[in-house]
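1. need coordinates for the below:
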Amino acid sequence: MISTQRIVVVFVATVSLSLACGGNEGPTAPTPQPIPDVGRPTVTISVSPTSASVGEAITVTLLARRATGEVERNARIVWGDGNVTVAPGGGRYGVDTTQRHGYASPGEYQIMATATFDAETVSTEPVRVTIGPQTRLGLVYAYSSGTPSGQMYTFAVFPRRTTNPSAVRIEFGDGTSEALDPLQPTYPFKRYNRGGPYAVRAIQTNADGTTETTSVDIVAICCG
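-> Residues are numbered from 1 along each chain as shown. This is a model prediction of the structure:
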């Protein structure tokens, strides 16, 4: 089980220009479509899948809309295992974000979201997810966030401890890698020097010399 609470702050921004670095162009954000204000603030989430194994990604899409004249302060996804993802407000119409999470232990968890506005805080009904025992090495692209030095990409790696791993590492797809703790989940992060697609891999070496590999594809926006 994860013994300490992880509160993740994710900076959400709308970008209307092409970001490039080192000769590669990053993706261009689509032009926002007008969304009318609502009579009172609302927050909704969709969760997929609702059944997975330890180390597999659960994806939550959150949509918060402010009432006319109000300003949203932030929106939170509460994952039910002590972890919370915070998306700051300040957008034109509210918060619209997709986040991913991997669970470190089997069990049933209740996912819910809250959105805080000037006058009130609104919440969703909880959505139950069922997490089964781990079946393979887990790698989740958890989230990205803007920092003063550029976009940071954070991953979650879940070693399969039943095979007595002796080493675990992550390869970020740009020729760099990082050694990780083989006995517990870790959360490595990366800033890329060039925008574009990357195949990120986690590799586990077991005590008997066998290896396990899993991967996830991302598209990085560069650079700051």
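2. low-confidence stretches in the chain?
-> Under the criterion of pLDDT under 70, the regions of the chain flagged as low confidence span 1-39, 69, 71-72, 89-93, 147-149, 223-224.
3. how is it partitioned into domains?
-> Each domain of the chain is listed here as a residue range: 34-133, 136-224, per automatic domain parsing.
4. and the ones you listed as CSV, adding mean neighbour count?
-> The way it works is simple: take the backbone N, C-alpha and C, and place the C-beta from them, glycine included. Putting the domains of the chain into CSV (neighbours: other C-beta atoms under 10 Å) gives the following:
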stretch, mean neighbour count
domain 34-133, 17
domain 136-224, 17
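5. helix, strand or coil for Y192?
-> Reduced to three states with DSSP: H, G, I helix; E, B strand; the rest coil, the structure at Y192 is coil.
6. ok, now S105?
-> S105 falls in the coil class when you classify it by three-state DSSP.
7. how much space between it and V122?
-> With the distance defined as C-beta to C-beta, to the nearest Å, S105 ends up 30 Å from V122.
8. cool, and R100?
-> Using C-beta to C-beta, one obtains 23 Å as the distance from R100 to V122.
9. and for T114?
-> Noted for T114: a distance of 7 Å to V122, by C-beta to C-beta.
10. please enumerate the shared neighbours of the two.
-> Shared between the contact lists of T114 and V122 (criterion: C-beta atoms under 8 Å, 6 or more residues apart in numbering) are residues V43.
11. how far away from the center of its chain is whatever helix or strand T97 lives in?
-> Using DSSP states H and E, T97 sits within strand 94-102. Strand 94-102 has its average C-alpha position 7 Å from the chain's average C-alpha position, going by C-alpha atoms, centre = their mean, to the nearest Å.
12. what's the answer for stretch 111-129, then?
-> Between the centre of stretch 111-129 and the centre of its chain there are 18 Å (C-alpha atoms, centre = their mean).
13. who touches that stretch?
-> The list of residues contacting stretch 111-129 from outside it, by C-beta under 8 Å, 6+ apart, reads 41-45, 47, 49-52, 58, 60, 62, 64, 66-67, 70-80, 89, 94-95, 103, 108-110.
14. how about it as CSV, C-alpha atoms only?
-> Taking C-alpha atoms only, stretch 111-129 is exported to CSV below (Å, rounded to 0.1, in the frame of the first residue of the first chain):
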residue,chain,number,x,y,z
ILE,A,111,-13.1,7.8,-7.3
MET,A,112,-14.8,11.2,-7.0
ALA,A,113,-14.2,14.8,-8.1
THR,A,114,-14.8,18.2,-6.5
ALA,A,115,-14.7,21.7,-8.0
THR,A,116,-14.3,24.8,-5.9
PHE,A,117,-15.8,28.1,-7.1
ASP,A,118,-16.3,31.5,-5.6
ALA,A,119,-19.5,30.7,-3.8
GLU,A,120,-19.5,27.0,-3.3
THR,A,121,-17.9,23.6,-3.8
VAL,A,122,-19.7,20.9,-5.9
SER,A,123,-18.9,17.2,-6.0
THR,A,124,-19.6,14.2,-8.1
GLU,A,125,-21.1,10.9,-6.9
PRO,A,126,-18.3,8.4,-6.3
VAL,A,127,-17.5,5.9,-9.0
ARG,A,128,-16.3,2.5,-7.8
VAL,A,129,-13.3,0.7,-9.5
